[in-house]
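1. Next come a sequence and a model predicted from it.
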Amino acid sequence: MSGEAEGAMGLLAGQVCMITGAGQGLGRAIALEMAGEGAGVILLERNPETLRQVAAEIAAVGGTAEAHALDITDYDAYAKAVADTSAKFGRIDVLVNNAAINPPPRTILNDTLEDWRRTIAINLESVYMGAKLVAPHMVARKSGRIISIASIQGYASSGECGPYNAAKGAIIAFTKSLAVELGSHNILVNAVAPGFMRTPMSIINGVDETETPGFIEWYVDKGKIPLRRTGLPEDVAGTVIFLASKYCRYMTGQLLTVDGGLMSTF
Ligand SMILES: NC(=O)c1ccc[n+]([C@@H]2O[C@H](COP(=O)([O-])OP(=O)(O)OC[C@H]3O[C@@H](n4cnc5c(N)ncnc54)[C@H](O)[C@@H]3O)[C@@H](O)[C@H]2O)c1
């Protein structure tokens, strides 16, 4: 395929990209943009209704989307989705580990071991499972990208979110570990750390924390976020597209922060 034809068809033309938590928020935007760049997208999501909607949105604009309703902590279901994808398309080029939960705010003084285990299972162990399941397929083709959505909370804390932060910090470390282990197989492994993003996850107790007067005053008007706005899902999707594309070729084990400059201020 000539460079010109590839450009006309999109940055990810012909690629098969698997995205977890693709039913809303960042996962939905990543899936839509990857499909828009010519990829066939494999959507993994536990909410069958949002999953169906995103698959329909992609089909409506002529894209290819396969929907798998599953909980990513269910190893057997995840393994079946990977096996089905490999059987149908013969390849898995990109895995985006995106699904996560943001548990209610609690500290070490009032959280529970159950809180910890559930958050670590969904936000961290699933990343291990995804990598474990797709890596052999990527090794066989000597090509692949594993991209994990971490958080600025993986290296700084707002408090009251220990298990979430621990999972995100571990994703950053695991990204480096995978990059070292899989580099000789031409598999690039990178992570993205979003700052404050406007998604359903930012709604806590019915209130969008990025739209409160206090948030707007401090983060936007006073410039704690130098770009003076909350992030949008498309802001992260663009970075994921870069990491999945041919324009990212000599970078692995890295964390790209997408936060409007938040972590550059004090
Ligand atoms: N929103 C933010 O401000 C923000 C900031 C930093 C990092 N992040 C990270 O970005 C990623 C996406 O967040 P978001 O804001 O889009 O969240 P969201 O809550 O809007 O969407 C998460 C999606 O994952 C799905 N999901 C959750 N648990 C699942 C499971 N066990 N199995 C299958 N699907 C599951 C949900 O159903 C949902 O569709 C997460 O990793 C999150 O930690 C978000």
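-> Everything's here; your move. Numbers count the residues shown, from 1 in each chain.
2. drop to CA atoms for contacts and neighbour counts, all remaining ones
-> Will do.
3. what bits of this structure have low per-residue confidence?
-> 1-8 (pLDDT under 70).
4. Can you tell me which residue sits nearest the middle of this structure?
-> Nearest to the geometric centre of the chain sits Asn98, at 2.8 Å (CA atoms, centre = their mean).
5. I'd say that residue and Ser148 touch.
-> Yes - proximity of Asn98 to Ser148 meets the contact threshold set by CA atoms under 8 Å, at 6.2 Å.
6. Could I get the CA-only coordinates of the strand or helix carrying Glu181 as PDB?
-> Glu181 belongs to helix 162-182 when assigned by DSSP states H and E. Extracted in PDB, the C-alpha atoms of helix 162-182 (Å, rounded to 0.1, in the frame of the first residue of the first chain):
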ATOM      1  CA  GLY A 162      -5.700   4.800  47.800                       C
ATOM      2  CA  PRO A 163      -6.700   1.700  45.800                       C
ATOM      3  CA  TYR A 164      -7.300   3.700  42.600                       C
ATOM      4  CA  ASN A 165      -4.000   5.500  43.000                       C
ATOM      5  CA  ALA A 166      -2.200   2.200  43.800                       C
ATOM      6  CA  ALA A 167      -3.600   0.600  40.700                       C
ATOM      7  CA  LYS A 168      -2.600   3.500  38.500                       C
ATOM      8  CA  GLY A 169       0.900   3.700  39.900                       C
ATOM      9  CA  ALA A 170       1.300   0.000  39.300                       C
ATOM     10  CA  ILE A 171       0.100   0.300  35.700                       C
ATOM     11  CA  ILE A 172       3.000   2.800  35.100                       C
ATOM     12  CA  ALA A 173       5.500   0.300  36.600                       C
ATOM     13  CA  PHE A 174       4.000  -2.600  34.700                       C
ATOM     14  CA  THR A 175       4.100  -0.700  31.500                       C
ATOM     15  CA  LYS A 176       7.900  -0.400  31.900                       C
ATOM     16  CA  SER A 177       8.200  -4.100  32.800                       C
ATOM     17  CA  LEU A 178       6.200  -5.100  29.700                       C
ATOM     18  CA  ALA A 179       8.100  -2.800  27.400                       C
ATOM     19  CA  VAL A 180      11.400  -4.500  28.500                       C
ATOM     20  CA  GLU A 181      10.000  -8.000  28.200                       C
ATOM     21  CA  LEU A 182       8.300  -7.500  24.800                       C
END
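7. do whichever helix or strand comes after that helix and the ligand meet at all?
-> Next helix or strand after helix 162-182 toward the C-terminus (DSSP H and E): strand 187-194. Yes - Strand 187-194 is in contact with the ligand by CA under 6 Å from any ligand atom, via Pro194.
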